[in-house]
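Engineer: Provide a 3D model corresponding to the input given below.
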Amino acid sequence: MKAATPGERGALGARERILAAATDLAGREGLEALTTRRVARVAGVNVGLLHYYFESKESLIDETLGLFLDEMLATAIAPIAAATPAEPAAPIAAATPAAPATSAEDLLSAIFCGALDQAWKRPGLIFGLIGRLAAAVAKSTREGGVPGAESGGGPPLPLGPMVKIQAALFDRIRPLLVARLGENPDLVGRRAVQLFTSLFHPALFTPFPGLIFGVDLENEAERHDYVRAIVRDALEPPRLD
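Structural biologist: Next comes the predicted model:
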């Protein structure tokens, strides 16, 4: 959900306005900005109504993070849906399959540019997510559990949704990798790891590529050039020694 303007907020329901306000505040200032009074004020509702929809600040934070992750996935997979031709209403005699309108390189670039752009716009949510994930892994380690599993019948730990989203994204990009690299599970898996780590590491540590490596990913054009270069590397067929 993108941040709503004051005019748009008036057209939204109270619950949607609360989530829009929380997403906007946390995206700019971090999860610490999500006090119930401040979110209610920005959303234009009273605190009692906020507690009607969200029983605690923690439940509001959990849903805000979940909404952000869902938004990232939806943005990432949108190019695939747009490039998938609609099924014909009836078979056409002697028809031949049409060549794909969009290359694997263009599709993968669009997918990861979209996801990286979403992360770059919401640094406060990204850093909040990192903190939650680290705490979840530490808690699971102390208790001898599996990170991402449900804890004591409560909601899934933050790692669970992250794993599911990455798995869903991999399901969609795997055919694009196979189309260029062939049915080689080891190679496809390694190249997928290369893509995810090279592209989501900058998203998780937004200011540091420029500070440490001199790669200005704050600039959208340079960020997209970086993504395309990583995608080209991932699609390069292996050399035959």
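Engineer: Nearest residue to the middle of this protein?
Structural biologist: Of all residues in the chain, the one closest to the mean position by Cα atoms, centre = their mean is Met72, 3.0 Å from it.
Engineer: Any buried residues in the longest helix along the chain, and which?
Structural biologist: Longest helix in the chain, counting residues (DSSP state H): helix 57-83. By neighbour count on 16 or more other Cβ atoms under 10 Å, the buried set for helix 57-83 is 57, 60-69, 71-73, 75-77, 79-80. Every residue, glycine included, has its C-beta placed from N, CA and C.
Engineer: Same check on stretch 222-235?
Structural biologist: Of the residues in stretch 222-235, 223-224, 226-228, 230-231, 234-235 count as buried by neighbour count, 16+ other Cβ under 10 Å.
Engineer: Please identify which of these is nearest to Pro123.
Structural biologist: Each of the buried residues of stretch 222-235 was checked against Pro123 using Cβ to Cβ; the closest is Arg223, at 13.6 Å.
Engineer: quick one: that closest one and Trp120, what's the gap?
Structural biologist: From Arg223 over to Trp120 the distance is 7 Å, taken as Cβ to Cβ, to the nearest Å.
Engineer: Ala229 now?
Structural biologist: 17 Å.
Engineer: and what of Lys57?
Structural biologist: Taking Cβ to Cβ as the measure, Lys57 and Trp120 are separated by 26 Å.
Engineer: likewise Glu143?
Structural biologist: The spacing between Glu143 and Trp120, counted by Cβ to Cβ, is 34 Å.
Engineer: Tell me which of the two has more neighbours.
Structural biologist: For Glu143 and Trp120, the more surrounded residue by other Cβ atoms under 10 Å is Trp120, and the numbers stand at 16 against 10.
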